[in-house]
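Q: Prediction below, plus the sequence it came from.
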Amino acid sequence: MQAQPTERSEYPGDSSLGNAQRPAPTFLDRLNRWSDSTVRTTLLLPALLVVLFLSIFPLLVSLYLSFARVDFVRGGIVVKFVGFANYNKLLFGLDQQHLLGKQGTPSLFGWVILVVFVVTMLYLFVQYASSPRRRLFGLIMRVIAIVVATFLAWMMVSTLGEHGLPGTVAVTLIFVFVGVSIEYALGLGLAMLVTQELPGKRFFRIVFLLPMMITPVGVGFLVRMMTDTLKGPIAPFWNLIGLSTFSWADTGAGARAAVLLGDVWQWTPFMFIILLAAIEGTSREQIEAALVDGANRLQLFRYITLPQIMPVSTTLVLIRMIEAFKIIDLPNILTGGGPGTATESMTLQAYNLWRTTDLGASAAVAYLLLVLVTFVATVYVSSIRRRLVGSTT
């Protein structure tokens, strides 16, 4: 007599028969499950508490302080909720010129920059609106981004124009865009240079990294010593070319140039080392094939090297921009933020307000900086990085 085959479910996902035959969990099985869950929770809880205490909790406290006024009294402190009073004072009240600057008459160069910027933003918007991937939410957000970006561009060219006075927002944007652009260009040039068959290139690879090994405070004092025209190791050179009576801090542009000089010297090695690794990771077969076909070095860079390093470049610039928004060491050491607010960044403004115990206004400036960084990073990623990465795939 043959054994009857066991009935199986017609549907693979039907496990009712298996569940019926599965034995009920014993007390020991339930105890093991509870023990595993308890161990996981016990191991993860300390790390979670540390993150909450060091990260999320200070964010929430500082957010509340931005809507409050903190008074130091005998025996403690008094925290009073004042709503948007701190933000109103910064954006529309007594500290408006300190933050946003005083508008003047834009120069011809400023008008050219503003027109080019607006045309570029409109071109990107039309390109997105005509693409099949457009969405209503994306169109609305891009319109808002264009309005805000145009306002920031107008604020920069007007406050830097005749009879204008730049505020901390404009100064911060100058340090970010001008500094990061120069650093990327120099870093890319140095990376391309040391990949060539030149004598001593290994030595220069090490020398180019030396500024990264110095603390920001050390860089600040070093640049301060080098730009001093009265004393220091560079003073004879300034005297030789007739600039012994020149001071970088006499004008706002000169003071900002001194800060940018130190910032570029400090952060160009960061760009250099990342771009060098990206260039050395490019496909050698494509380069050799292009050389066989008669391509020159400019064509090699434009059509082979640059597209391959573009994903790394866009991410690198994004990281450096976020870091540049937090600049505080160099302007504080070199110029103290002066003359006036010519070199005072938003981070330095928040620090100065904190030193004067105006904790509410300091927190408000910090959160305005957070909003500005988020806006610039979002616009950059949505308008540049996705297109460039997609063009290389």
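A: Noted; the coordinates are in hand. Residues are numbered from 1 along each chain as shown.
Q: buried sites along stretch 73-88?
A: Buried residues in stretch 73-88, defined by neighbour count with 16 or more other C-beta atoms under 10 Å: 85-87. For glycine as for every other residue, the C-beta is placed from the backbone atoms N, C-alpha and C.
Q: actually stretch 172-192, sorry about that
A: 172-176, 178-180, 182-184, 186-188, 190-191.
Q: Point out where the chain drops to low pLDDT.
A: Scanning the chain for pLDDT under 70 picks out 1-25, 27-36, 385-393.
Q: Would you mind identifying the next helix or strand past the longest helix along it?
A: For the chain, the helix that runs over the most residues, judged by DSSP state H, is helix 252-280. Next along the chain after helix 252-280, taking DSSP states H and E as the criterion, comes helix 284-292.
Q: Now do the buried residues in that next one.
A: Buried residues in helix 284-292 (16+ other C-beta under 10 Å): none.
Q: and that helix, what other elements does it pack with?
A: helix 297-300 (3 or more C-beta pairs under 8 Å, 6 or more residues apart in numbering; DSSP states H and E).
Q: buried set for the host helix or strand of Q97?
A: Here Q97, judged by DSSP H and E, is contained in helix 96-100. Within helix 96-100, the residues scored as buried using 16+ other C-beta under 10 Å are 98-100.
Q: need the helices for the stretch 1-150 of the chain, in chain order.
A: For the stretch 1-150 of the chain, applying DSSP state H, counting those that start in this stretch gives helices covering 16-21, 27-51, 57-65, 85-91, 96-100, 108-129, 136-159.
Q: Can you give the distance of the helix or strand harbouring M321 from its chain's centre?
A: Element membership for M321 (DSSP H and E) is helix 306-324. Relative to its parent chain, helix 306-324 has a centroid offset of 10 Å by C-alpha atoms, centre = their mean, to the nearest Å.
Q: Give the buried residues for that helix.
A: By neighbour count with 16+ other C-beta under 10 Å, helix 306-324 contains the buried residues 306, 308-311, 313-314, 316-318, 320-321, 324.
Q: Would you check which pair of those lies furthest apart?
A: Q308 and A324 (25.5 Å; C-beta to C-beta).
Q: For F72, which non-adjacent residue is closest in space?
A: In space, and not counting its chain neighbours, F72 is closest to T357: 6.0 Å by C-beta to C-beta, 6 or more residues apart in numbering.
Q: In which helix or strand does the nearest residue to L334 once chain neighbours are set aside reside?
A: Take L334 and drop its neighbours on the chain: the residue closest to it by C-beta to C-beta, 6+ apart is R224, 5.3 Å away. Counting by DSSP H and E, the element that carries R224 is helix 216-226.
Q: Following element in sequence after that helix, please.
A: Assignment by DSSP H and E places the next element after helix 216-226 at helix 235-240.
Q: Would you mind writing the CA trace of that next one as CSV?
A: Only the C-alpha atoms of helix 235-240 are listed here, as CSV (Å, rounded to 0.1, in the frame of the first residue of the first chain):
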residue,chain,number,x,y,z
ALA,A,235,57.6,93.8,6.0
PRO,A,236,60.9,94.4,4.1
PHE,A,237,59.2,93.3,0.9
TRP,A,238,56.2,95.7,1.5
ASN,A,239,58.7,98.5,2.1
LEU,A,240,60.6,97.6,-1.0
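Q: Go through it and flag the buried ones.
A: Applying 16+ other C-beta under 10 Å to helix 235-240 flags 235, 238 as buried.
Q: can you give me the offset of that helix from its chain's centre?
A: On C-alpha atoms, centre = their mean, the centre of helix 235-240 falls 37 Å from the chain's centre.
Q: what does that helix contact?
A: Helix 235-240 is contacted from outside by 228-229, 244, 246, using C-beta atoms under 8 Å, 6 or more residues apart in numbering.
Q: try stretch 75-91
A: 65-71, 95-96, 98-100, 360-361, 363-365, 368.
Q: could you redo the last one with a cut-off of 6 Å?
A: Contacts with stretch 75-91, where a contact means C-beta atoms under 6 Å, 6 or more residues apart in numbering, come from 66-71, 95, 99, 360-361, 364.
Q: next one: stretch 268-278
A: 183-184, 186-188, 190-191, 208-209, 211-212, 309, 312, 316.
Q: returning to what we had before: want to try TSV for the buried residues of helix 306-324, with distance to A377 as columns?
A: Formatted as TSV, these follow (distance: C-beta to C-beta, whole Å):
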residue	distance to A377
L306	23
Q308	24
I309	21
M310	18
P311	16
S313	15
T314	12
L316	13
V317	10
L318	6
R320	11
M321	7
A324	11
